[in-house]
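Undergrad: Okay, structure incoming, though there's no sequence with it:
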């Protein structure tokens, strides 16, 4: 797979039994604690392998770090990343560091998958149910944190969610033969949902009331707190949005909220959806069935009763 059909990662088939998955992601801190920053960045980078249904094998550290900044901070960033990679069952196999004015951290990740088990963004079928495996709201929560307006318990819940690997969710996606999947990150539910719907030649109907949000998210959005990426997402992806019912401004904010290390959006056959959701919840995932797939051309139809 190359650039003709953009997906969450590049895939190189070695033979009939093996294919490599390759991806990279890094960014500046989204939280103050260096250990948690490292863990979040690592979970976010690993997520693209999971979004393809794959298993991470190894990762390469990517680091930008300012001259003169306490090296203990870098140690904690790398420790957070290394422990998250270890949790994924993969290994850190080296890395590269450059000097920069602002710290940045992430990973280049290599994974593997059987070619027949690859899960692409395109492939959702009319009648499929849509399941999202994590709550929404990390952009709003981390922005409230940057403005010193966040409650500690709300930030802690978002950090826990961002650190959580999509490993179990990807394994269950394989078990239930999910038709299509992507992870929800910087382009928001609306952006990544559109990409998946477009590549599937389908429309997605999403029930706003079915969405889960991190604690505090709704209150901060109602107070007008949102990151700059929200406006960029809305400006571009609103052309594929259709709203049925009354959608308040704060609700639109959350639909376009850029996520960090978000959940997996899955399209699964109707007959498998309840069992998949049950197993996700039983495994501790904060999953929700949020809608269904219909014929169409890449629209996201948001219904609000």
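TA: Happy to help now that I have it. Computed from a predicted structure; not experimentally measured.
Undergrad: Confirm residue 242 sits in a strand?
TA: Yes: counting by DSSP: H, G, I helix; E, B strand; the rest coil, residue 242 falls inside a strand.
Undergrad: That one and residue 298 touch, don't they?
TA: No: at 11.0 Å, residue 242 does not count as touching residue 298 under the criterion of C-beta atoms under 8 Å. (C-beta placed from N, C-alpha, C; glycine too.)
Undergrad: more crowded one of those two?
TA: residue 298 (18 against 13; other C-beta atoms under 10 Å).
Undergrad: Three-state assignment for the more buried one, please.
TA: Residue 298 - assigned by three-state DSSP - is coil.
Undergrad: go on, the one 4 residues further on?
TA: Secondary structure assignment for residue 302 (three-state DSSP): strand.
Undergrad: Look at it and say how many residues are nearby.
TA: Residue 302 has 24 neighbours, counted by other C-beta under 10 Å.
Undergrad: how close does it sit to residue 248?
TA: Residue 302 sits 12 Å away from residue 248, going by C-beta to C-beta, to the nearest Å.
Undergrad: now swap in residue 70 and tell me
TA: Residue 70 sits 44 Å away from residue 248, going by C-beta to C-beta.
Undergrad: measure stretch 12-31 end to end?
TA: Terminal residues of stretch 12-31 are spaced 34 Å apart (C-alpha to C-alpha, to the nearest Å).
Undergrad: Read off the pLDDT value for residue 110.
TA: Listed pLDDT for residue 110 reads 98.
Undergrad: what comes up buried for the particular helix or strand that has it in it?
TA: Using DSSP states H and E, residue 110 maps to strand 104-113. The neighbour-count criterion (16 or more other C-beta atoms under 10 Å) identifies 104, 105, 106, 107, 108, 109, 110, 111, 113 as the buried residues of strand 104-113.
Undergrad: The nearest residue to the first one once chain neighbours are set aside: neighbour count?
TA: With sequence-adjacent residues excluded and distances taken as C-beta to C-beta, 6 or more residues apart in numbering, residue 104 is closest to residue 64, at 3.9 Å. When neighbours are counted by other C-beta under 10 Å, residue 64 registers 17.
Undergrad: got a list of contacts for stretch 68-82?
TA: Residues outside stretch 68-82 that contact it (C-beta atoms under 8 Å, 6 or more residues apart in numbering) are 33-42, 59, 61, 63, 65, 92, 103, 105, 107.
Undergrad: So which of the residues you listed sit within strands?
TA: 59, 61, 63, 65, 92, 105, 107 (DSSP state E).
Undergrad: of these, buried ones?
TA: Buried by 16+ other C-beta under 10 Å: 59, 61, 63, 65, 92, 105, 107, out of the ones in strands among the contacts of stretch 68-82.
Undergrad: Can you tell me how far the last one is from residue 142?
TA: The one in question is residue 107. Applying C-beta to C-beta, the value for residue 107 to residue 142 is 20 Å.
Undergrad: Same question for the third one.
TA: Using C-beta to C-beta, residue 63 is found at 21 Å from residue 142.
Undergrad: ditto for residue 26
TA: According to C-beta to C-beta, residue 26 and residue 142 sit 16 Å apart.
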